[in-house]
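Peer 1: Here is my input, please return the structure:
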Amino acid sequence: MAAPDFIKPFSPEETRRILRHLQQPAVFMDMTCGWPVLSWTAEHLSESLGDKLVRFRLGRKDETKTPLFETQCSYVEAKLEHFLNWTQGQTRTDVGPFCGYPLSEYWAYADYKYIAMLFEDQPSKFEDVKWSEFGFEGRDGRESTLWIGTEGANTPCHLDSYGCNLVLQVQGRKRWHLFPPEDTPHLYPTRIPYEESSIFSQVDVLHPDLRRFHAFQGARPHVVTLQPGQVLYVPRHWWHYVESVDPVTVSVNSWIELDVDHVSRVSEAVTKTVVCALKSAPSDDNTDDWLNPTEEGVGSHTENMQYVNLALKASAQTQRSIHHRKHTQDHRDTVKRDSRGHIRTHCVKAGEPEPYRVPFGPHLVPVHCQTENPAGAKDVDMKPSRKTELTSADVKSQNSSGDYEASTDTTITTNDLLDCLLHPDVIALVTQLLLERHTGSQRTDSPT
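Peer 2: Numbers count the residues shown, from 1 in each chain. This next block holds a predicted model:
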């Protein structure tokens, strides 16, 4: 008699509901048993992809106290067989283009590899990824990316402008350092390098330069080491730095937009227009490689302004729809009466669910702030942070106001200007003003 199927701790409907209420990162346990994608080790993928070339990003293992952005990395096109031989210390003839990069000095990462493109000639592979069991009907490998790296491979600390992330660890372990949206002032956001879907931090969160970024001491890291078979949920706008901690790691990621946020679309359209306008202008200090390799190219100003107007139109339509529904519901609430004909002042709205409590437990483990981890909470292989304190020399270099002394002859660059113009608080205000202008509404208070 065949063994009964393993019963998942949450049904697709329950999981979808959990995701809509989760306000912090959490790890789903025992949800991927039976998924064929769990066999996608680097060795298996090498056999499946054969001679297909994959682009790898390579970075030096030096500790520089500055993030290594993708624009500063080296790149090679290689077969996965070359990659595996390189990680095993094979001879130069077996490692292809990796021969110029000693394993002792470099890490390698094949990241953001769209499964739909990698396996376009093997579409049955898409079905190995079953995000439908998380409540997203029909979602599989077509909407997922593959990440293959060596120990030390990492992505700079950043937040995603849109949506949330579900990450399945397949092989090896990855350590995630996550920071809540409220920590944005402590992470010194920048839009250079520019990528539409990402805002980067100027801080190397593992080895921060506290002389330059002293506010980082106020950041609240949530750290978890993800094990094979586990799925990490990263909520919208949570900062994250990811590092591979085993010789070879493989993970599958799916970016999901639970609710389309048209206001964020406007913000990104404004950001792109400003960045492209200033960085495309010839000048002595516009010599850096500012466009992230994940971006296809630089749009013209006309194209970018069209994007702004389309985003404004969509956002305004959404706001009108929400306002109409709220007005209609409020009107219905005011006329509800009890059995005696008296108006109900405190009634449950029709169809409104009862207050929901996320079912944390052995199958859903929250990723706690390291300084707030409650006694008895299940440890998902959490590691202590590499906390860095100011030295006495650092303290002496501060002025009386607590800020670091700056040289009086500092020259403001285009990138400095962009860091100020594109600060999230500034962009939020500009977005609000544009929406008001687009809809013809007036502010009742003066922006400050």
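
Peer 1: for the chain, what spans make up the helices?
Peer 2: Here the chain has its helices, by DSSP state H, at 12-21, 42-49, 80-87, 115-118, 262-279, 301-334, 392-396, 414-421, 424-439.

Peer 1: Least confident of those, on average?
Peer 2: With a mean of 41, helix 392-396 has the lowest mean pLDDT of the helices of the chain.

Peer 1: any idea how this protein splits into domains?
Peer 2: Per automatic domain parsing, the domain ranges recorded for the chain read 12-259, 263-330+409-439.

Peer 1: Comparing these, which stretch has the densest surroundings?
Peer 2: domain 12-259 (a mean of 18; mean count of other CB atoms under 10 Å). C-beta: built from backbone N, CA, C; applies to glycine.

Peer 1: how far out from the middle of the chain is that domain?
Peer 2: Computed by CA atoms, centre = their mean, to the nearest Å, the separation of domain 12-259 from the middle of its chain amounts to 9 Å.

Peer 1: What's the end-to-end length of that domain?
Peer 2: Domain 12-259 has an end-to-end distance of 18 Å (CA to CA, to the nearest Å).

Peer 1: which residues pair with Asp160 across the strands?
Peer 2: Residues in a beta bridge with Asp160, per DSSP bridges, are Ser198.

Peer 1: So what's the predicted local confidence for it?
Peer 2: 94.

Peer 1: Please tell me how far it sits from Gly138.
Peer 2: 22 Å (CB to CB, to the nearest Å).

Peer 1: swap in Lys65?
Peer 2: Per CB to CB, Lys65 is found 45 Å from Gly138.

Peer 1: Where do the strands of the stretch 1-150 of the chain begin and end?
Peer 2: 26-28, 54-60, 74-78, 106-114, 145-150 (DSSP state E, counting those that start in this stretch).

Peer 1: can you tell me which of those comes nearest to Val358?
Peer 2: Proximity to Val358, assessed across these by CB to CB, is greatest for strand 26-28 (7.8 Å).

Peer 1: now for the closest one, which elements pack on it?
Peer 2: strand 231-234, strand 364-366 (3 or more CB pairs under 8 Å, 6 or more residues apart in numbering; DSSP states H and E).

Peer 1: so how far is the last one from its chain's centroid?
Peer 2: What that stands for is strand 364-366. 19 Å.

Peer 1: Quick check: buried residues in it?
Peer 2: Residues of strand 364-366 classed as buried: 364-366 (neighbour count, 16 or more other CB atoms under 10 Å).

Peer 1: thinking again about what came up before, can I get the helices and strands packed on strand 26-28 in a markdown table with mean pLDDT and distance to His438?
Peer 2: Listed next are those as a markdown table, based on pLDDT from 0 to 100; distance: least, CB to CB, whole Å:
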| stretch | mean pLDDT | distance to His438 |
| --- | --- | --- |
| strand 231-234 | 98 | 32 |
| strand 364-366 | 98 | 40 |
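
Peer 1: Using a markdown table, lay out those together with distance to Gln432.
Peer 2: Below are the helices and strands packed on strand 26-28 laid out as a markdown table (distance: least, CB to CB, whole Å):
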| stretch | distance to Gln432 |
| --- | --- |
| strand 231-234 | 27 |
| strand 364-366 | 33 |
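
Peer 1: so which of those comes closest to Ser300?
Peer 2: Nearest to Ser300, of the helices and strands packed on strand 26-28 and by CB to CB, is strand 231-234 at 33.7 Å.

Peer 1: now for the closest one, which elements pack on it?
Peer 2: With contacts defined as 3+ CB pairs under 8 Å, 6+ apart, strand 231-234 has these neighbours: strand 26-28, strand 164-171, strand 174-179.

Peer 1: what's the closest of those to Thr71?
Peer 2: Across these, the minimum distance to Thr71, taken as CB to CB, is reached by strand 174-179, at 21.5 Å.

Peer 1: tilt between the closest one and strand 145-150?
Peer 2: Here strand 174-179 runs at an angle of 110 degrees relative to strand 145-150 (axes from the mean of the first three to the mean of the last three CA atoms, to 10 degrees).

Peer 1: Direction included, what does strand 174-179 pair against?
Peer 2: By DSSP bridges, strand 174-179 pairs with strand 222-226 (antiparallel), strand 239-244 (antiparallel).

Peer 1: Mind putting the ones you listed into CSV with distance to Asp284 and mean pLDDT?
Peer 2: Converted to CSV, those look like this (distance: least, CB to CB, whole Å; pLDDT from 0 to 100):
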stretch, distance to Asp284, mean pLDDT
strand 222-226, 42, 98
strand 239-244, 33, 98
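
Peer 1: Generate JSON lines for those strands, with distance to Gln122 as supplementary columns.
Peer 2: Shown next, in JSON lines, are the strands paired with strand 174-179 (distance: least, CB to CB, whole Å):
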{"stretch": "strand 222-226", "distance to Gln122": "26"}
{"stretch": "strand 239-244", "distance to Gln122": "26"}
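
Peer 1: Quick one: closest of the ones you listed to Leu38.
Peer 2: strand 222-226 (13.6 Å).

Peer 1: what residues are up against Trp35?
Peer 2: Applying CB atoms under 8 Å, 6 or more residues apart in numbering to Trp35 gives the contacts 128-130, 168.
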